[in-house]
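J.: Here is my input, please return the structure:
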Amino acid sequence: MRRRVVITGMGVVSPIGSGDIFWENVKKGLCGIDFIQSFDTSDFSVKIAAEVKDFDPALYMEKKESKRMDRYSQFALAAADIAVRDSGLDTEKVDSDRFGCIVGSAVGGIHTIEEEHAKLLKKGPGKVSTFFIPMMLSNMASGLVAVKYQAKAVNISTVTACATGANAIGEAYKRIQDGSCDLMIAGGAEAAITPCSVAGFTALTTLSTSTDINRASIPFDKDRHGFVMGEGAGVMVLEDYDHAVKRGAKIYGEIVGYGATCDAYHMTSPDPSSEGASKSMLNAISDAGIRPEDMTYINAHGTSTLYNDKFETQAIKSVFKEYSKNLYVSSTKSMTGHLLGAAGAVEAVITLKAIEDSFIPATINHRETDPELDLNFVPNVGIAKEFDYGLSNAFGFGGHNATLVFKKYKG
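T.: So this is what the prediction gives:
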């Protein structure tokens, strides 16, 4: 028998705020994109990103501890702290052997890699930090979260490019659904706004070179020309329904569907047939035990690149057919930028909050929809609407596709 899986805590660190203020700023349609402050962009054609502003790790961990972890791990610990506090969970009173953690990162500790490599070249190998290796590892955020909360069941780190956070939540959901765990902390974290990373993505010609912060991340717009890098973390506390009810937890909603496929097509380009993305959505809908016509809202991957937005729209129309014209589809990357490995987790939080709060967020800074993309992208202003099901897509380099389906909690 499949067990019901509910969400009892959520935590976000993002370019538009952390904790409770995050959702309020999503509803307001706040844009978190600005000129890069963390390094000198004089020699860069890309000048803007969506950085986390005024982040203080001391609010979430000991100062000594924070100095021994990369920025992406700091974000993960902070988002987990917000989520666990939000859940009301007393981690000392749960069975640690049935409490797991899956927190992923696409890029991992690139801040640390760049800083320590510069030290190596300038001062020699003897000056490389003792903590270099653990700080740069992509799995360390998940490990550190598990240590903090004594989560002794499964502890793994998904690394599936921009599908990472969604895969983490989906895999955690399956661990509870099949009965191997009662509780999971799951999500993604990223802090890749660094000189080498920005230069690399620029070389791929995937980033927006606009210097207009309101016309850079413009998903589904006819003038879109690349994505804007973001950073941050999103974490959910997933819980067996009976376990949550027994401890009197607040339940935000249910996760009922998960689909994961691979394009098996190209290193960076999505498959023009959109078959993998379509199957990911169909598998998630089937897993949820619903019909495509039961869906109301899709939080799209919506990167603002020419190919992603075109092929994702094509995939949605392939799955939902004539009903697709009734869907509300928005990309909140228009507000947050693209958080890479954290994107799927942060957008999962948005999707569930949208259901719980009966509010469909907008695709901001939208002027004119690409004529090829004829869906309702909720331009500029969000919509108050009660609905039962929401779907979140996350697609990544390497052909990774992940889809999550959430349901309104009705007891």
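J.: Now for residue 91, how many residues are close by?
T.: Around residue 91 there are 15 other residues, counting by other Cβ atoms under 10 Å. Just so you know, the C-beta spots here come from the backbone N, C-alpha and C atoms, and that holds for glycine as well.
J.: three-state assignment of residue 283?
T.: Following DSSP: H, G, I helix; E, B strand; the rest coil, we place residue 283 in the helix state.
J.: name the element the nearest residue to it once chain neighbours are set aside belongs to?
T.: Leaving out its chain neighbours, the residue that sits closest to residue 283 by Cβ to Cβ, 6 or more residues apart in numbering is residue 259, at 3.2 Å. Here residue 259, judged by DSSP states H and E, is contained in strand 253-262.
J.: For the protein, which segments count as strands?
T.: Taking DSSP state E to define them, one finds strands in the chain at 5-13, 34-35, 48-49, 99-104, 155-156, 183-190, 232-240, 253-262, 297-299, 328-330, 359-360, 383-384, 389-396, 400-407.
J.: Which one, of those strands, ends up nearest to residue 69?
T.: Among the strands of the chain, strand 183-190 comes nearest to residue 69, with 10.6 Å by Cβ to Cβ.
J.: what angle separates the closest one from strand 99-104?
T.: Going by axes from the mean of the first three to the mean of the last three Cα atoms, to 10 degrees, strand 183-190 is angled at 20 degrees with respect to strand 99-104.
J.: in strand 183-190, what counts as buried?
T.: For strand 183-190, the neighbour count (16 or more other Cβ atoms under 10 Å) marks 183-190 as buried.
J.: Just put these in a markdown table and tack on distance to residue 300 and pLDDT.
T.: Formatted as a markdown table, the buried residues of strand 183-190 follow (distance: Cβ to Cβ, whole Å; pLDDT from 0 to 100):
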| residue | distance to residue 300 | pLDDT |
| --- | --- | --- |
| 183 | 30 | 98 |
| 184 | 25 | 98 |
| 185 | 26 | 98 |
| 186 | 21 | 98 |
| 187 | 19 | 98 |
| 188 | 17 | 98 |
| 189 | 22 | 98 |
| 190 | 19 | 98 |
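J.: what's the angle from the strand holding residue 259 to strand 232-240?
T.: Going by the same axes, to 10 degrees, strand 253-262 makes 110 degrees with strand 232-240.
J.: before we move on, the earlier item: the residue nearest to residue 283 and residue 10: what is the separation?
T.: Between residue 259 and residue 10 the computed distance is 21 Å (Cβ to Cβ, to the nearest Å).
J.: one step back: name the stretch among the strands of the chain that sits most buried.
T.: Counting by mean count of other Cβ atoms under 10 Å, strand 183-190 has the highest mean neighbour count of the strands of the chain, with a mean of 35.
J.: and it, which strands flank it?
T.: Sheet pairing of strand 183-190 (DSSP bridges) gives strand 99-104 (parallel), strand 232-240 (antiparallel).
J.: Let me have those strands in TSV, extended by mean pLDDT and distance to residue 134.
T.: Formatted as TSV, those follow (pLDDT from 0 to 100; distance: least, Cβ to Cβ, whole Å):
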stretch	mean pLDDT	distance to residue 134
strand 99-104	98	15
strand 232-240	98	18
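J.: Turn the ones you listed into JSON lines, including distance to residue 144.
T.: Putting the strands paired with strand 183-190 into JSON lines (distance: least, Cβ to Cβ, whole Å) gives the following:
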{"stretch": "strand 99-104", "distance to residue 144": "9"}
{"stretch": "strand 232-240", "distance to residue 144": "12"}
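J.: So for residue 271, which of those sits nearest?
T.: Of all the strands paired with strand 183-190, it is strand 99-104 that lies closest to residue 271, at 22.7 Å by Cβ to Cβ.
J.: Let's see the closest one as PDB, backbone CA atoms only.
T.: Presented in PDB, the C-alpha positions along strand 99-104 are these (Å, rounded to 0.1, in the frame of the first residue of the first chain):
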ATOM      1  CA  PHE A  99      14.800  10.000   9.100                       C
ATOM      2  CA  GLY A 100      16.700  10.700   5.800                       C
ATOM      3  CA  CYS A 101      18.100  13.600   3.800                       C
ATOM      4  CA  ILE A 102      18.500  14.300   0.100                       C
ATOM      5  CA  VAL A 103      20.000  17.700  -0.700                       C
ATOM      6  CA  GLY A 104      21.600  18.200  -4.100                       C
END
